[in-house]
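**Student:** Need the 3D shape of this:
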Amino acid sequence: MLRHDPVRGADLLVLPERVVVLEGHAGQVVGLCDGSRTVPGIVGELAARFPGAPVAAEVPAFLDRLRGEGWLT
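**Tutor:** Prediction:
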């Protein structure tokens, strides 16, 4: 579950028995993982929001890491 912590000013990924503090734009990436978007769709949306950012390389790798940790299915 994605939550925003106003005290920390950070997005949190709340998991059973664990909380992961998401840095930078990671919360926006996780927020787009709603089951209706594909990875290319997420990359496309973020590329439009952040022109020139290396989202095509970094976002799929980030999502793979989340899947590898079992934090994203």
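**Student:** so His4, which of the three states?
**Tutor:** strand (DSSP: H, G, I helix; E, B strand; the rest coil).
**Student:** from what I can see Leu22 touches Val14, true?
**Tutor:** No: counting by Cβ atoms under 8 Å, Val14 is not a contact partner of Leu22; they are 10.6 Å apart. Any C-beta I mention is one placed from the backbone N, CA and C, and that applies to glycine too.
**Student:** mind listing the strands for the chain?
**Tutor:** In the chain, the strands defined using DSSP state E lie at 2-5, 10-15, 18-22.
**Student:** just so I know, which of those lies nearest Gln28?
**Tutor:** Between Gln28 and these, the tightest spacing by Cβ to Cβ is seen for strand 10-15, at 7.9 Å.
**Student:** Check which strands are paired with the closest one and give the direction for each one.
**Tutor:** Strand pairing for strand 10-15, using DSSP bridges, gives strand 2-5 (antiparallel), strand 18-22 (antiparallel).
**Student:** Turn the ones you listed into a markdown table, columns for mean pLDDT.
**Tutor:** As requested, those are exported to a markdown table (pLDDT from 0 to 100):
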| stretch | mean pLDDT |
| --- | --- |
| strand 2-5 | 94 |
| strand 18-22 | 94 |
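**Student:** Turn the ones you listed into TSV, including distance to Gly35 and mean neighbour count.
**Tutor:** Shown next, in TSV, are those (distance: least, Cβ to Cβ, whole Å; neighbours: other Cβ atoms under 10 Å):
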stretch	distance to Gly35	mean neighbour count
strand 2-5	13	13
strand 18-22	19	13
